[in-house]
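S.K.: sequence and predicted structure are below.
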Amino acid sequence: MILLKSPKEIESMRRAGSIAAAARALAGKMALPGVETREIDKAVSDFIRSRGAEPSFYRYNGYPAGVCISVNHEVIHGIPGKRRLREGDIVSIDVGACYEGFHGDCAATFACGAISPAARRLIDVTEQSFFSGIAKARPGYRVSDISHGIQCYVEENGFSVVREYIGHGVGAKLHEEPEVPNFGPPGRGPRLIPGMTLAVEPMVNEGTHRIRVLEDGWTVVTADGALSAHFENTILITDGEPEILTAV
């Protein structure tokens, strides 16, 4: 069942979203050569708590950290640890904040120092694919119109979209209905209605769309070892343009 949010619930989600977005920005500033990924996790988790919220991911289905940090060929769900970032890495950071019982969920891929032109293009196409998708995030369209917009933009630019992991509804639960794939034909799925809140999150690979999960049970990597990027925001369906709730 898709849960439409009340004005009061939307206000809580705006606050959760602003905290998550600020935490994402902090993480991006910390993505520097020599920094351990666990340092980013601690700083971001502490920041979220200092704003009266809780990291959404901590202990979610057993996840052991507050932030997901995925480097280079890691797609999503990378576990922070002793790994030190290196010049030229690309670093995908996924952050969630829960405020007054509601979640804001967002992600972005950041350059660690100077990166290759190919890596920069992957990051830029991934981010723009999000905006291509939400161009159809209006009443009367269907969920798959967002999906189709993302896939078309990504593939027109020579990259591939991950199939196994997708966007989702978000609210009092981190993952709610409906599912929001990043691929597929238009005109399918639930109609978009004001009050729906969605986490739209393209995951884009430089090579094949195929992925695998490492032995830790969490970290998802590209099957061919090629680079991957991730971009996500929580959006609200309104009577007109969608509102990005995870904006700084």
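M.R.: Perfect, thanks for sending it.
S.K.: now the helices for this structure?
M.R.: Secondary structure of the chain (DSSP state H): helices at 7-30, 37-50, 117-134, 143-156.
S.K.: could the ones you listed go into TSV alongside distance to Glu241?
M.R.: Glycine gets a C-beta too; all of them are placed from N, C-alpha and C. Formatted as TSV, the helices of the chain follow (distance: least, CB to CB, whole Å):
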stretch	distance to Glu241
helix 7-30	15
helix 37-50	28
helix 117-134	9
helix 143-156	14
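S.K.: looking at those helices, which is closest to Tyr99?
M.R.: The closest approach between Tyr99 and any of those, judged by CB to CB, belongs to helix 7-30 at 3.9 Å.
S.K.: other residues contacting that closest one?
M.R.: 5, 39-40, 43-44, 47-48, 51, 53, 56, 67, 69, 93, 95-108, 110, 171-172, 195, 197, 234, 236, 244-248 (CB atoms under 8 Å, 6 or more residues apart in numbering).
S.K.: just the buried ones from these, in ChimeraX syntax?
M.R.: Remark: buried members of the contacts of helix 7-30, expressed as a ChimeraX selection using 16 or more other CB atoms under 10 Å:
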select :5,40,43,44,47,48,51,53,56,67,69,93,95,96,97,98,99,102,103,104,105,106,107,108,110,171,197,234,236,244,245,246
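S.K.: low-confidence ranges in the chain?
M.R.: Within the chain, no stretch has pLDDT under 70.
S.K.: pick the most buried one from the helices of the chain.
M.R.: Per residue and on average, the most neighbours among the helices of the chain fall to helix 143-156, with a mean of 23 (mean count of other CB atoms under 10 Å).
S.K.: helices and strands around that helix, which ones?
M.R.: Secondary-structure packing of helix 143-156 (3 or more CB pairs under 8 Å, 6 or more residues apart in numbering; DSSP states H and E): helix 117-134, strand 160-161, strand 176-180, strand 197-200.
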